[in-house]
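Participant: missing the sequence, but the structure's below:
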């Protein structure tokens, strides 16, 4: 069974944004650019690895691994950094801020899906 690449992008998102982000990192990234940058780097690498593994399972990673893919992940990295920086300074841990943040992250991953596939 072949799964849509969006599945792997979202799976990578949840691992990168939740499982691999410590409580300390979540708090410190609001005030520390280095912690925010570390989180975003881990997040982006995690999403890329999950996508690569998913494409490998589907048998079509060679077709989609190119400079466009690297460019898109550079955009994801920058977008995630800016979005988390804005969220930390404007929403201060509110539920509405959390849901809005996650919604934007998922929309961005959907855009990645559209651009790459």
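Facilitator: Perfect, thanks for sending it. Computed from a predicted model, the values in this text were never measured in an experiment.
Participant: the longest helix in the chain is where?
Facilitator: The longest helix of the chain (DSSP state H) is helix 33-58.
Participant: just checking, what packs against that one?
Facilitator: Contacts defined by 3 or more C-beta pairs under 8 Å, 6 or more residues apart in numbering; DSSP states H and E place helix 33-58 against helix 5-14, helix 23-28, helix 61-64, helix 67-90. In short, each C-beta sits where N, CA and C put it, glycine included.
Participant: pull out the buried residues from that helix.
Facilitator: By neighbour count on 16 or more other C-beta atoms under 10 Å, the buried set for helix 33-58 is 35-36, 39-40, 42-44, 46-48, 50-52, 54-55, 58.
Participant: about what we covered before: what's the most buried one of the helices and strands packed on helix 33-58?
Facilitator: Greatest average neighbour count among the helices and strands packed on helix 33-58 goes to helix 5-14 (a mean of 19), per mean count of other C-beta atoms under 10 Å.
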